[in-house]
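**Q** one predicted model, sequence on top.
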Amino acid sequence: MPQLDVDGATLTYDDEGARDGDGVPLVFIHGWTANRHRWDHQMTHFAPKRRVIRLDLRGHGESDGSARTIEELAGDVVALLDHLEVDRFIPVGHSMGGMITQTLALSHPERIERLVLVNSISRMTYSRGRGLLMAASTLVPFRLFVATNIQRAFAPGHPREEVREYIRGSSATPREVVMTCYAAMRAFDVLDRVGEISTPTLLVHGYHDIQLPVSQMLRMAKDYPDAVVRIVDAGHELPVEKPAELTSALDRFVTGQA
């Protein structure tokens, strides 16, 4: 497994697929407490057609280090792509990864051919009651905090053993990384700037997402100059709840069919 040292962190990544395939590389960016294997279905589907790249963000999966801002995490993605000599690309970001993706689109618009946001938003907005609940949740034992958030990420009825598996994986993320990235997401706010992103954008969201509600995604979608919206019967963990549906939507979008 290839690795790259970037500013005190060792990033683990995969770089697969046809170098002479159709279109620019797809770059998959996972979310909070997840890892690069969230994208297994998409990697398998796209690798025969084009170059596909994914990484474990610092402190997640098989990468070490920690980051305090979304901008730092976006800088890691740029460093990896520079190392791989990738100029233009299509970033596909889930949840926190979508925040990173929007940051890339705003800071390096010349490098972004298309943009895909999966269950992501431009600003964390809570009602007073939910804000108090989320603030209180940081006071409970760490493993309970992680387990509660991951449990809520799946739509009702998702197989319990699969949910437990993802809880175990997320709980392996170091506490410092979990909490600093949680704070980074709460501080993230580019809602007033998304109108600057003129790149064709696909926003795919789970209808049952209570972590980042679909209403918040629609609030930002109206400000994107060139956006396509897809709502899927899933929760927040769309890449693993409905992988085939997400892959199909991605395929149509990156080939210009939607």
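**A** That came in fine, so what should we check first?
**Q** what residues sit buried inside stretch 47-65?
**A** Across stretch 47-65, burial judged by 16 or more other C-beta atoms under 10 Å covers 47, 49-61, 63-65. Every C-beta, even on glycine, is put in place using the N, C-alpha and C of the backbone.
**Q** need the next SSE after whatever helix or strand Met99 lives in, C-terminal direction.
**A** Met99 belongs to helix 96-107 when assigned by DSSP states H and E. As assigned by DSSP H and E, the chain's next helix or strand after helix 96-107 is strand 115-118.
**Q** partner strands of that next one, parallel or antiparallel?
**A** Strands adjacent to strand 115-118 in the sheet, as given by DSSP bridges, are strand 90-94 (parallel), strand 201-206 (parallel).
**Q** now those in JSON lines, with distance to Arg111 and mean neighbour count?
**A** Below are the strands paired with strand 115-118 laid out as JSON lines (distance: least, C-beta to C-beta, whole Å; neighbours: other C-beta atoms under 10 Å):
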{"stretch": "strand 90-94", "distance to Arg111": "9", "mean neighbour count": "28"}
{"stretch": "strand 201-206", "distance to Arg111": "15", "mean neighbour count": "25"}
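**Q** Asp15: which of those is closest?
**A** Closest approach to Asp15 among these (C-beta to C-beta): strand 90-94, 14.8 Å.
**Q** the closest one vs helix 96-107, what angle?
**A** Angle of strand 90-94 versus helix 96-107, following axes from the mean of the first three to the mean of the last three C-alpha atoms, to 10 degrees, is 140 degrees.
**Q** re the thing from before, okay, and which of the buried residues of stretch 47-65 map to strands?
**A** Arg51, Val52, Ile53, Arg54, Leu55 (DSSP state E).
**Q** before we move on, back to that, save the strands paired with strand 115-118 as a markdown table, and put in mean pLDDT and distance to Pro109 too.
**A** Shown next, in a markdown table, are the strands paired with strand 115-118 (pLDDT from 0 to 100; distance: least, C-beta to C-beta, whole Å):
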| stretch | mean pLDDT | distance to Pro109 |
| --- | --- | --- |
| strand 90-94 | 98 | 12 |
| strand 201-206 | 98 | 12 |
